[in-house]
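Asks: sequence first, then the predicted structure:
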Amino acid sequence: MTTLRTAHEDPGATGPGVLEARLTGLSRAEFARDFWARTALLNRRAGDFSDLFSAAAVDELIARRGLRTPFLRVARNGATLPDTAFTSPAGVGATIADQLDDTALWREFADGATLVLQALHRTWQPVAEFCAGLGTELGHPVQANAYVTPPQNRGFDDHYDVHDVFVLQIEGTKRWLVHRPVHPDPLRDQPWTDRRPAVAEAAASEPYLDVVLAPGDVLYLPRGWLHAAEAQGAVSVHLTLGIHTWTRYALAEQLAQAALATLREDPALRATLPLGVDGPGGDLELVRASLTAALAQADPAPLFHRARRAQGRPAPLGPLAQLAAVDTLGPHTPVRLRGALAPRLEGNRLTTRAGWLEFPDTELRAVARLLDGAPHRAGDLGVTLVTRLLRAGVLVPDAERAADGD
């Protein structure tokens, strides 16, 4: 049964986040309980997304930004075109051969090809800021692609993704056919192409959801849910927000890695197997017992946090503004923690996406204060400490508070 929801207020919430206010129309608790990683959700008239993306943004990115592959791919009739079909050098001073060729792209688009602008969380600021906020709220990394499809065309055949998605219809309309998974909760290395016959068979059956998305509609699909989409009577532009979910399997991998790191230090495990061995023999039980003990004691947290940091980037940092902040720093200068750093203070070490720093005990209280993300005056933290953190790219000037003269 299709679930159709409209936006509403949760009287128990302290304030709606991105998830509630712009995507699901549900409180965080409702979405987590009933839909997250479980089933599809259709939210009609979620809102106006023109502040995030538009047809004009598509033209701007393709014609004026000098994008290169793989920031765009092109698909037609279920197949992805080679990069050489829509790239070329850009003339004197810009002879790199894989830049987007807007003339070639126009011809492919006019012939029915779908344009896929990839990694918009890196190339279009409104989308980047939205993804950063959503990723913080969900606790899982978020990336964004835009799909631009000519009327009455389909870019890709029925398939499933190995990440959850939110589909935000921006312009035009698109018909979506959604089927239940043939392989629930696929891992990153379990793509739909490994199950083509099962996917094709499921796609021929009655869909779980057959709906036309209009501007302002949002569709949520957990990983593994089959889908195919076709533009209707006008050009369709939609954003797909990919949620690269952490899984228990990933945690198991990190737990095993932590245990193996411990076993490397065990002389008995480093010992050579007997001469002429042709199987594990009696050594297997020794290894099994040692591994079981190591797993019981292993702490995967450091590996988890390291992997989590590696899956994202800190907020943009302007080198000229940063240098000016260092040069003009004074006791009353407002500064704040750089966004999306994923900071973690353990003992005397602060680890972030910009690297790690160690501090003497006398500075730890000031460093801990910074982790609230609020603006602080340099003099309240210590000008010397703030200078070091500005140079390290951990702190940034708080331009808004400085403009207010606060």
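Replies: Nice, I can see it.
Asks: where does Arg223 land in three-state SS?
Replies: coil (DSSP: H, G, I helix; E, B strand; the rest coil).
Asks: look up how far Trp192 lies from it.
Replies: Here Arg223 is placed at a distance of 10 Å from Trp192 (CB to CB, to the nearest Å). For glycine as for every other residue, the C-beta is placed from the backbone atoms N, C-alpha and C.
Asks: which one of the two has more residues nearby?
Replies: Per other CB atoms under 10 Å, whichever of Arg223 and Trp192 has more neighbours is Arg223, with 24 against 20.
Asks: and the more buried one, what is it in contact with?
Replies: Applying CB atoms under 8 Å, 6 or more residues apart in numbering to Arg223 gives the contacts 37, 160-164, 185-186, 245.
Asks: return the backbone torsion pair for it.
Replies: phi -60, psi 140 (degrees, to the nearest 10).
Asks: about what we covered before: which of the contacts of Arg223 tops the neighbour count?
Replies: Busiest of those [other CB under 10 Å] is Tyr160, holding 23 neighbours.
Asks: so that residue makes contact with Trp225?
Replies: Yes - using CB atoms under 8 Å, Tyr160 is in contact with Trp225, at 6.1 Å.
Asks: what is in contact with the two at once?
Replies: Common contact partners of Tyr160 and Trp225 (CB under 8 Å, 6+ apart): Pro181.
Asks: quick one: end-to-end distance for stretch 80-100.
Replies: Length of stretch 80-100, first residue to last, CA to CA, to the nearest Å: 15 Å.
Asks: so what touches it?
Replies: Outside stretch 80-100, the residues that touch it by CB under 8 Å, 6+ apart are 62, 66-75, 101, 104-105, 108, 113.
Asks: low-confidence ranges in this protein?
Replies: Applying pLDDT under 70 to the chain flags residues 1-15, 401-406.
Asks: what is the burial count for Asp102?
Replies: Under the neighbour criterion other CB under 10 Å, Asp102 is assigned a count of 14.
Asks: is the closest residue to Phe130 other than its chain neighbours part of a helix or strand, or is it coil?
Replies: For Phe130, the nearest residue in space outside its immediate sequence neighbours is Leu52; the separation is 5.7 Å by CB to CB, 6 or more residues apart in numbering. Here Leu52 is recorded as coil under three-state DSSP.
Asks: surely Leu52 touches Glu129?
Replies: No - with contacts counted by CB under 8 Å, Leu52 stays clear of Glu129, the gap being 9.0 Å.
Asks: more neighbours, those two?
Replies: Taking neighbours as other CB under 10 Å, Leu52 and Glu129 compare with Leu52 leading, 22 against 16.
Asks: kindly provide the distance from that one to Pro316.
Replies: 17 Å.
Asks: do Thr240 as well
Replies: As judged by CB to CB, Thr240 and Pro316 stand 22 Å apart.
Asks: sheet-wise, list the partners of the helix or strand encompassing His238 with their directions.
Replies: Per DSSP states H and E, His238 falls inside strand 236-243. Its sheet considered, strand 236-243 pairs with strand 142-149 (antiparallel), strand 164-171 (antiparallel) by DSSP bridges.
Asks: show me the contacts for the residue nearest the centre of the chain.
Replies: In the chain, the residue lying closest to the centroid (CA atoms, centre = their mean) is Val142, at 2.0 Å. Applying CB under 8 Å, 6+ apart, we find Val142 in contact with 121, 131-132, 134-135, 241-244.
Asks: could you dump those residues to a markdown table with neighbour count and distance to His376?
Replies: Shown next, in a markdown table, are the contacts of Val142 (neighbours: other CB atoms under 10 Å; distance: CB to CB, whole Å):
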| residue | neighbour count | distance to His376 |
| --- | --- | --- |
| His121 | 24 | 28 |
| Cys131 | 26 | 27 |
| Ala132 | 20 | 21 |
| Leu134 | 22 | 26 |
| Gly135 | 22 | 25 |
| Leu241 | 26 | 32 |
| Gly242 | 20 | 35 |
| Ile243 | 23 | 32 |
| His244 | 17 | 33 |
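Asks: and of these, the nearest to Gln232?
Replies: Closest approach between these and Gln232, by CB to CB: Leu241, at 22.0 Å.
Asks: who does the closest one form a beta bridge with?
Replies: Leu241 has these beta-bridge partners by DSSP bridges: Ala144, Phe166.
Asks: so which residues make contact with the strand holding His238?
Replies: Identification of contacts with strand 236-243 by CB under 8 Å, 6+ apart yields 49, 52-55, 58, 120, 127, 131, 134, 138, 140-149, 151, 161, 163-174, 213, 229.
Asks: buried among the residues you listed? Need that as a selection in PyMOL.
Replies: In PyMOL, this line selects whichever of the contacts of strand 236-243 come out buried by 16 or more other CB atoms under 10 Å:
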select buried, resi 49+52+53+54+58+120+127+131+134+138+140+141+142+143+144+145+146+147+148+149+161+163+164+165+166+167+168+169+170+171+172+173+174+213+229
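Asks: for stretch 76-84, which positions count as buried?
Replies: Burial within stretch 76-84, assessed by neighbour count using 16+ other CB under 10 Å, is assigned to 76, 83.
Asks: what is the end-to-end distance of that stretch?
Replies: One end of stretch 76-84 to the other measures 15 Å (CA to CA).
Asks: figure out how far it is from the centre of its chain.
Replies: 24 Å (CA atoms, centre = their mean, to the nearest Å).
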